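S.K.: My questions are about this predicted structure, shown below with the sequence.
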Amino acid sequence: MDIFPISLKLQQQHCLIVGGGHIALRKANLLAKAGAVIDIIAPAIEEQLLQLVKTTGGEYFAESFAEKILNTPYRLVIAATNDAQVNKAVFEQCEARNLLVNSVDDIPHCRFMVPAIIDRSPLIISVASNGASPVLSRQLRTQIETIVPHGMGKLAEFSGQWRKQVKERIPNPDERRIFWENLYASPLKEQVFNDNLEVANDLIQQALTEWTAPKGEVYLVGAGPGDPELLTLKALRLMQQADVVIYDRLVSAPILELCRRDATKIYVGKARSNHSVPQDGINALLVEYAQKGKRVCRLKGGDPFIFGRGGEEIQELVEANVTFQVVPGITAASGCSAYAGIPLTHRDYAQSVRFLTGHLKEGSPELPWNELVYENQTLVLYMGLVGLERICEQLIAHGQRADMPVALISKGTTPEQKVVVGTLADIATKVSEHHIVAPTLTIIGEVVSLREQLKWQ
């Protein structure tokens, strides 16, 4: 994060704008809406800007910028002239005094940026790009304008009037957050939007009277193979309301960023022969936090029920009488194969697909080899990178042809995705040659030959 977004209270605060033209007017309008007292210094000034200055109780200084003007204790300063040297001088003098300063359309000479604003007062939404793309920020603002009802401002004001009473009734901040979330999902919101405040007051009073501490719950959420845009809507909603997020190593950083920022995040990643928290410990954590009344998101790469030990975890929850939800995710087989341009089934090449785990037990593959040697079948191996050479040898030994196409998809669906294609006879030698690392999905079958024609990533 290159900038730190804040909201400034500027009511009756003195602010200075250097410049008297239309750019200065645009910035002055925003400051006036925030209740600031605006001073202008410029050799000339537009009439509309002058009237605005008078309305806010500010002053106009009909002269060029000089550092003595900054002897007044301004809260912030905006340089809005068409002279780059003047704007630079304003910036340097403000920096020397630790004054917040913005030079319009001059990123190097800005200590703060003015974002694109969606005004639903007292609710204010801002979009900023650190000056990199103001047009994009404005486009996003336009999109957000269409999905945020104008009544949201009324709802924010209504909530503020009840905030003290709610805090007194529900002192625990986590429980209080759940109360407000439930309230905003209730009919109360529409009542406020329609100015039925008497009904809305009755509803919130009733909700407070009937409030009891919530029971904990566990969300078993599939995070997909890595691309955050492959998350389901339900997964995203639960991720953003969970109090605790327990995640493994296959959950990508961009996906983790989508979780509620103030949630407690606990890493329990498991790699081969290196379990930071053993499965029994993970099960215990889920039960422990849920029994404390927390909403716990167990975030797993792929799908919880496909080699994700989701079944083991919810068995523990059932025994502990803990409420839970399961949210399917796009499993690596479908996500990675799609991004690699390899269809798992095809009328001409494969009429069935089989998912297998490539984990080895005591150094030997535990797979039903005779069942796997079938011409019109696609095999998908999870976690098979370490035992790949032995797996290929066993398939050939049990009758599969050595030139059967094989694809390795490393870090599929992410910007680091790498796909290597070979055959059963030579694919193992390509692992080190192409620096293939886990997590890697292995696809075996004639469908792999379609990649050159169908690849799009």
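M.R.: Sure thing, it's come through.

S.K.: can you pull the contacts of Ile124?
M.R.: 7, 117-118 (C-beta atoms under 8 Å, 6 or more residues apart in numbering). In this view, the C-beta of every residue, glycine as well, is placed from N, C-alpha and C.

S.K.: same deal with Val199?
M.R.: Shown in contact with Val199 (C-beta under 8 Å, 6+ apart): Gln191.

S.K.: Helix, strand, or coil at the residue nearest to the spatial centre of the chain?
M.R.: Centroid check for the chain by C-alpha atoms, centre = their mean gives Leu258 as the closest residue, at 2.5 Å. Judged by DSSP: H, G, I helix; E, B strand; the rest coil, the three-state class of Leu258 is coil.

S.K.: follow-up on the earlier one: give me the buried subset of the contacts of Ile124.
M.R.: Ile118 (16 or more other C-beta atoms under 10 Å).

S.K.: distance of Ser449 from Tyr349?
M.R.: 8 Å (C-beta to C-beta, to the nearest Å).

S.K.: And for Ala44, the neighbour number?
M.R.: 8 (other C-beta atoms under 10 Å).

S.K.: how about it, what does it touch?
M.R.: Residues counted as contacts of Ala44 (C-beta under 8 Å, 6+ apart) are 20, 62.

S.K.: how does it look with 7 Å?
M.R.: By C-beta atoms under 7 Å, 6 or more residues apart in numbering, Ala44 lies in contact with Gly20.

S.K.: try Gly399
M.R.: Applying C-beta under 7 Å, 6+ apart to Gly399 gives the contacts Val373.

S.K.: Next: the one 3 residues further on.
M.R.: Taking C-beta under 7 Å, 6+ apart as the contact definition, Ala402 lies against 396, 423-425.

S.K.: pLDDT weak spots in the stretch 351-457 of the chain?
M.R.: 359-365 (pLDDT under 70).

S.K.: quick one: the helices in it?
M.R.: Secondary structure of the stretch 351-457 of the chain (DSSP state H, counting those that start in this stretch): helices at 369-372, 388-397, 430-433, 451-454.

S.K.: helices or strands up against the second one?
M.R.: Spelled out, that is helix 388-397. Contact partners of helix 388-397 among helices and strands, from 3 or more C-beta pairs under 7 Å, 6 or more residues apart in numbering; DSSP states H and E: strand 364-365, helix 369-372.

S.K.: hmm, 6 Å instead?
M.R.: strand 364-365 (3 or more C-beta pairs under 6 Å, 6 or more residues apart in numbering; DSSP states H and E).

S.K.: Could you say which helix or strand holds Glu312?
M.R.: helix 310-319 (DSSP states H and E).

S.K.: in that helix, what's buried?
M.R.: By 16+ other C-beta under 10 Å, the buried positions in helix 310-319 come out as 310, 313-314, 316-317.

S.K.: Thanks a lot, see you next time.
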